[in-house]
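In: Quick one, what's the 3D model for this:
(one chain, ligands or ions: 1)
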Amino acid sequence: FPKGDDMIQDPPVPHGLPIEREDRYSPSPPLTVLRQRRPMSRLNYPDGHLGWLITNYELTRSVLSNPAFSSHPERMANPIGTGRVVLAESTTPQPGVFLRMDPPDHTRLRRRLTGVFTVRRMRQLEPRVTQIVRAQLDELERQGSGADLVEHFAIPVPSLVICELLGVPYEDRGSFQSDTAGFLRVEASAEERVQLIGNINAYLAELVDRKLVEPTDDLLSDLTRSGDLTRDELVGIAFLLLFAGHETTANMLGLGALALLEHPEQLRLLRSEPELIDNAVEEMLRFLSILHVGPLRTAGADIELGGNLIREGENILISLPAANRDPARFDNPEELDFHRKATGHLAFGHGIHQCLGQQLARTEMRIGWTELFGRLPNLRLAVDPDEIPLRTDMVIYGVHRLPVEW
Ligand code: HEM
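Out: Sure thing, here's the model as predicted:
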């Protein structure tokens, strides 16, 4: 095996993950260069840890399906220095937050969730998603042309969908939404964010207590019924669903709307062949790959991968934007093409942690974009695209604001 030191001599070894995106959508150019040179490279983490960076499709699947790579945050370094790695900030996972756990803890909790995240419940949610989207569009129309689509559409839609899923009562939704939206605001200081997380967890604990006494017809109540999860675990699960499901979907909705406006030929195609919407959703997931930093894993043992030796304890960062543009897997990967069969993309991850909410996310995007462009056929940007602030320093990529007119 090449030793770590030999590989450092072979440039480029980035210091921290390169985070700029080319043309707003494509991976950072250094990531594309690295992928062309070799499937995995050394990566200098800002804290001094020397780990690895994976940029190709095949090795991404190998790492994510290998149980020897751990998701536990204990030995994880922050790969972008200044950025926010929301759920990896502490060294032990919050109870219930199984995204950051390994088997058997992960298996026990995830199994409980797949039992309630049923196809039936997702189907039941569909008409509610449509209602939520339409109500949001009604509001936009009432206000008249000109709005920030992130604030008035992309953020509230998934937030209200999570409220449905968790069974947040209507009277609580206003404050719940303002706390969760506040958390997504980039201007929020670290103290403000800690405060908001505190508020959200306190609210979720209260909600769990209510569901324990008086279960209703929602996913959280179903989880409380079994009696085999602790109160802290129930709160952590609710927190995980909120954070895994809200920021991700909100940014897909916002950035996806921008991508459609900037690819008018694809928008026209979708209008003339609406049955392409399912393909379009998969292709947008691949093309945008909004998980901008991560997944991140730690080697639980010495492991051979792609002809290299990864030492126990070393961090492995995967670039999903780079892996999803791998020409060895997708023809003309730089093109947004709604005729493409993009299934097999890795935007939802792979292996045991593969996104639990993917069906719900797909439903939200399908209904969200269809209704948005159906209702506002003259939707257009209100500013030059270069003025749109991009979330390059965030774990979840997207746009901070999307000023539009119609
Ligand atoms: C896990 C992406 C929406 C719940 C993941 C992972 C990715 C991902 C890449 C794997 C992370 C890893 O391996 O470390 C996305 C994207 C979404 C989305 C791109 C929107 C388009 C949602 C929604 C929900 C959700 C709507 C729930 C309501 C979860 C949960 C996990 C997860 C609970 C952890 C699964 C586990 O550890 O077993 N998601 N997600 N996600 N996602 Fe999503």
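In: Any idea how many residues pack against the residue of the stretch 1-150 of the chain found nearest the ligand?
Out: Taking C-beta to the nearest ligand atom as the measure, the stretch 1-150 of the chain has Leu99 as its residue closest to the ligand, at 3.9 Å. Any C-beta I mention is one placed from the backbone N, CA and C, and that applies to glycine too. For Leu99, the count of nearby residues is 21 (other C-beta atoms under 10 Å).
In: Now do it, the pLDDT please.
Out: In this model, Leu99 is scored at 94, pLDDT.
In: Name the residue closest to the centre of the protein, please.
Out: Central residue of the chain (C-alpha atoms, centre = their mean): Thr248, 3.6 Å from the mean position.
In: Got the confidence number for it?
Out: Looking at Thr248, its pLDDT reads 95.
In: about what we covered before: residues touching the residue of the stretch 1-150 of the chain closest to the ligand, list them.
Out: Going by C-beta atoms under 8 Å, 6 or more residues apart in numbering, Leu99 touches Ser71, Leu87, Pro93, Leu240, Ala244, His353.
In: if you set the cut-off to 10 Å instead, what comes out?
Out: When contacts are counted by C-beta atoms under 10 Å, 6 or more residues apart in numbering, Leu99 touches 71, 73, 87-88, 93, 106, 109-110, 240, 243-244, 295, 349, 353, 355-356.
In: close to the ligand, is the biggest helix by length in the chain?
Out: The longest helix of the chain (DSSP state H) is helix 231-262. Yes: under the criterion of C-beta under 6 Å from any ligand atom, the ligand is reached by helix 231-262 at Leu240, Leu241, Ala244, Gly245, Thr248, Thr249, Met252.
In: What residues sit buried inside that helix?
Out: By neighbour count with 16 or more other C-beta atoms under 10 Å, helix 231-262 contains the buried residues 233-261.
In: Then stretch 175-191?
Out: Phe176, Gln177, Asp179, Thr180, Ala181, Gly182, Phe183, Leu184.
In: so Leu360 makes contact with Val157?
Out: No: using C-beta atoms under 10 Å, Leu360 is not in contact with Val157, being 11.8 Å away.
In: Just give me the neighbour total for Glu22.
Out: Glu22 has 13 neighbouring residues, counting by other C-beta under 10 Å.
In: Quick check: pLDDT value at it.
Out: Glu22 is given a pLDDT of 90.
In: ok, now which ones touch it?
Out: For Glu22, the contacting residues are Ser28, Pro29, Leu31, Thr32, Pro321, Glu334, by C-beta under 10 Å, 6+ apart.
In: Could you dump those into TSV with pLDDT, neighbour count and secondary structure added?
Out: Output for those, formatted as TSV (pLDDT from 0 to 100; neighbours: other C-beta atoms under 10 Å; DSSP: H, G, I helix; E, B strand; the rest coil):
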residue	pLDDT	neighbour count	secondary structure
Ser28	92	20	coil
Pro29	91	12	helix
Leu31	92	25	helix
Thr32	92	21	helix
Pro321	97	26	helix
Glu334	97	15	coil
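In: Quick check: residues of the stretch 51-200 of the chain near the ligand?
Out: By C-beta under 6 Å from any ligand atom, the residues of the stretch 51-200 of the chain that approach the ligand are Ser71, Phe98, Leu99, Arg110.
In: Repeat the analysis, applying 8 Å as the threshold.
Out: 64, 71, 98-101, 106, 110, 113, 117, 158, 161-162, 165 (C-beta under 8 Å from any ligand atom).
In: Can you say which two of these are spatially most distant?
Out: Greatest spacing in those, by C-beta to C-beta: Leu64 and Val161 (26.3 Å).
In: so which of the residues of the stretch 51-200 of the chain next to the ligand is the most crowded?
Out: Ranked by neighbour count (other C-beta under 10 Å), these have Pro158 at the top, with 28 neighbours.
In: doesn't Glu164 fall inside a helix?
Out: Yes: per DSSP: H, G, I helix; E, B strand; the rest coil, Glu164 lies within a helix segment.
In: Does it touch Arg128 like I think?
Out: Yes: using C-beta under 10 Å, Glu164 makes contact with Arg128 at a distance of 5.2 Å.
In: Go through the helix or strand harbouring Glu141 and flag the buried ones.
Out: Taking DSSP states H and E as the criterion, Glu141 maps to helix 119-143. Buried residues in helix 119-143, counted by 16+ other C-beta under 10 Å: Arg121, Met122, Leu125, Val129, Ile132, Val133, Gln136, Leu137, Leu140.
In: picking up where we left off before, of all the contacts of Leu99, which comes closest to Asp302?
Out: Ser71 (18.6 Å).
In: Surely that closest one touches Arg297?
Out: Yes: here Ser71 reaches Arg297: they are 6.3 Å apart, a contact under C-beta under 10 Å.
In: shared neighbours, the two?
Out: Joint contacts of Ser71 and Arg297 (C-beta under 10 Å, 6+ apart) are Leu64, Asp102, His353.
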